[in-house]
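In: just the structure for this:
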Amino acid sequence: MIDQNSKSLDVFGVKPFADSIKTVTEGAVEGAGAFLSRICLPAAEEFGFLLRDRVSNWRSSNAVRVLQLAEKKLKKRNLQQEVHAHPRLVMSALEQGSWAEQDDIQDMWAGLLSSACTADGSDDSNLIFMNVLRQLTSAEVAILNHACTSSQKYVSCGGWIYAREFLVTLEQLQEITRIHDVHRLDRELDHLRSLELIAHGFSADSTAADITPTAFGLHMYIRAEGYLGSPVEFFGAQPMTDEEALDQTIDMPGPADILDHISRVPLLSQADVSKQYLGREVEWPGTLQGASRSNNGLISVAISSVQRSGSTVCGEVAVKDCPALPDMMSEEPVMVRGKIQAVGTFTVTLEAMQLERRTSDQQSPESCT
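Out: Have a look, this model is predicted:
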């Protein structure tokens, strides 16, 4: 039987099960309980019951490790006030994180728990990322982390974070994931794309993989780092300069390249080849050729590619995203950004289109706001 003094020290129900955890010291468990009590009292009480009644020694060790990492990340924020986390998020992190034994996955759970801590503890936005993280394999986590740390990040004219196209070779991907089964790697990339964490994956005629992180993927990465602020501030992102944009067009297939590629394959294969470009995020220079108002309140625009006359980029732009558009003239130099929606005989259609005006004496796009 536990004596009265011991019971008085066990406010959160941690000590009764600590002796049953062979692989975790009593001090580590109590420390985890103490940290939990500071950020979420209900979760601290449940933590004791969770470990005592429902969790194996192996899961207990993993849960404690997640809490220890979360506490370290929280200290790095140098907060001057007490913070709390929503019980729903705390228990989700413990319940799901206790199944992970890989260091990088535990670190992500810890980061999401740390960035869930706010002054009033009511922010439950990290639940989105927790629901995604529980679906990721260790290989997918390695790919996402590499993409987010190694790609170049910029801020759009609307103030949004985005990453420059980021390609890796098959050999690099195998080194990142330690997986040599190419078909498994293809599945892993397809899954990351289905979760909208990366832009593409393998193309049909190449073993190079486009693992450009999406804005959603970048947001998830910084939250998993324990950061609660803006991704633009986290990465120190700046608008892309004219020189960088020109360099990117050298590496990125332009609309004329895409149309030429499709035209060179047999007619019955062209539809299949065009599919490899769908969903790909692009940024191309061009000149404004036409604009008209649509019934849906958007403005339909046509951009002539600088690569070659006769190749046109089309799409729709919201006026609120580029107030300068109504005053723009025909043949005005622009930079267009978006995601390929369709490829026709002479036209590439983009969705989520953004349009930036450029002038000859500017190093960066003129702000649309």
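
In: domain-wise, how is the chain divided?
Out: 4-133, 150-238, 249-357 (automatic domain parsing).

In: want to throw those into TSV with distance to Ala139?
Out: From N, CA and C alone the C-beta is placed, and that goes for glycine too. Formatted as TSV, those follow (distance: least, C-beta to C-beta, whole Å):
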stretch	distance to Ala139
domain 4-133	10
domain 150-238	4
domain 249-357	21
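
In: now mean neighbour count too, for those domains, in JSON lines please.
Out: Shown next, in JSON lines, are the domains of the chain (neighbours: other C-beta atoms under 10 Å):
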{"stretch": "domain 4-133", "mean neighbour count": "19"}
{"stretch": "domain 150-238", "mean neighbour count": "18"}
{"stretch": "domain 249-357", "mean neighbour count": "16"}
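
In: so which of those comes closest to Ala142?
Out: domain 150-238 (5.3 Å; C-beta to C-beta).

In: can you tell me the distance between the two ends of that closest one?
Out: End-to-end span of domain 150-238 (C-alpha to C-alpha, to the nearest Å): 16 Å.

In: pretty sure Glu140 sits in a helix.
Out: Yes: with DSSP: H, G, I helix; E, B strand; the rest coil as the criterion, Glu140 is part of a helix.

In: measure it to Leu69 for me?
Out: From Glu140 across to Leu69, the span is 20 Å (C-beta to C-beta, to the nearest Å).

In: these two touch, right, Gln341 and Arg280?
Out: No: in this structure, Gln341 is not within contact of Arg280 by C-beta atoms under 8 Å, at 10.2 Å.

In: overlap in contacts of these two?
Out: Here Gln341 and Arg280 share no contacting residue, scored by C-beta atoms under 8 Å, 6 or more residues apart in numbering.

In: run through the strands of the chain in chain order.
Out: Along the chain, counting by DSSP state E, strands occupy 153-155, 161-163, 167-168, 209-210, 281-293, 299-305, 312-317, 333-343, 347-357.

In: between those strands, which one is nearest to Val132?
Out: strand 161-163 (17.4 Å).

In: and that closest one, what does it pack onto?
Out: Identification of packing neighbours for strand 161-163 by 3 or more C-beta pairs under 8 Å, 6 or more residues apart in numbering; DSSP states H and E yields strand 153-155, helix 215-224, helix 231-235.

In: for that strand, give me every contacting residue.
Out: Taking C-beta under 8 Å, 6+ apart as the rule, strand 161-163 contacts 147-148, 151-156, 212-215, 218-219, 230-232, 235, 237, 281, 337.
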